[in-house]
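> mind looking at a prediction? Sequence and model below.
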Amino acid sequence: MAIIKELNGKMPIFGENCFLAENAAIIGDVEMGNDCSIWFGAVIRGDVHYIRLGNKVNVQDNATIHATYKKSPTNIGNNVSIAHNAVVHGCTIKDNVLIGMGAIILDDAVIESNCIIAAGSVVTKGTHIESGCVYAGAPAKKIKEISPELLEGEINRIAESYLMYSTWYK
């Protein structure tokens, strides 16, 4: 059973058909939609501000989602993959987004829909990521636009795969 903690009168709320790994930690003011998966060692800590996840969000192993005290909540849309060891902090991520392994998204950044943030990238505070693009580097810069093949072959494929993988553990 995952670590699920009430904090300051706020208990995490889960949609239907969610998978929570045994050592995932979900704390405080966190709400997630349906078909989400929170993997081994992942931490979603809604202690200083709220965190909202849409439907079909996967938070992979050792990823961290947090916010900034009374200033920057974290909002994550639908069909979003947050890969291993990523840090998502006080930002907005819209629909159909892949956050690559080890990427860092900082406060008040906005990641528009249909984007890929490449592995190891750093999206600095307040950055606005253009819809339909791939960003990479530190700081993250636009490197190309997303083709329909990339949208289907990476963003949608990974989100669907993690939904399938979660059924293996239930």
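Ah, there it is.
> determine the longest strand present in the protein.
When secondary structure is assigned using DSSP state E, the longest strand within the chain turns out to be strand 43-53.
> report the buried residues of stretch 44-51.
Taking 16 or more other Cβ atoms under 10 Å as the neighbour-count basis, stretch 44-51 is seen to contain the buried residues 44-49, 51. For glycine as for every other residue, the C-beta is placed from the backbone atoms N, C-alpha and C.
> what do you get for stretch 125-135?
Neighbour counts over stretch 125-135 (16+ other Cβ under 10 Å) mark 127, 129, 131, 133-135 as buried.
> the bottom helix or strand of this structure by mean pLDDT?
Across the helices and strands of the chain, mean confidence by mean pLDDT, DSSP states H and E is lowest for helix 148-150: a mean of 88.
> pLDDT on the helix or strand following that one, on average?
Note on helix 148-150: by DSSP states H and E, the next helix or strand toward the C-terminus is helix 157-169. Looking at helix 157-169 alone, the average pLDDT works out to 96.
> how about the contacts made by the residue positioned nearest the centre of the chain?
The centre of the chain sits closest to residue 82, judged by Cα atoms, centre = their mean, with a distance of 4.2 Å. Residue 82 is in contact with 57-60, 63, 65, 76, 88, 99, counting by Cβ atoms under 8 Å, 6 or more residues apart in numbering.
> hey, what's it bridged with?
Assessed by DSSP bridges, residue 82 has beta-bridge partners residue 59, residue 99.
> just residue 27 next, same as before
Each beta-bridge partner of residue 27 is listed here, defined by DSSP bridges: residue 5, residue 45.
> go ahead and confirm it touches residue 48.
No - counting by Cβ atoms under 8 Å, residue 27 does not reach residue 48; the two are 10.5 Å apart.
> picking that back up, can you tell me which of the contacts of residue 82 is closest to residue 140?
In terms of Cβ to Cβ, no member of the contacts of residue 82 lies closer to residue 140 than residue 99, at 10.7 Å.
> what is the burial count for residue 168?
By other Cβ atoms under 10 Å, the residues close to residue 168 number 7.
> for it, give me its contacts.
Shown here is residue 168, which makes no contacts under the criterion Cβ under 8 Å, 6+ apart.
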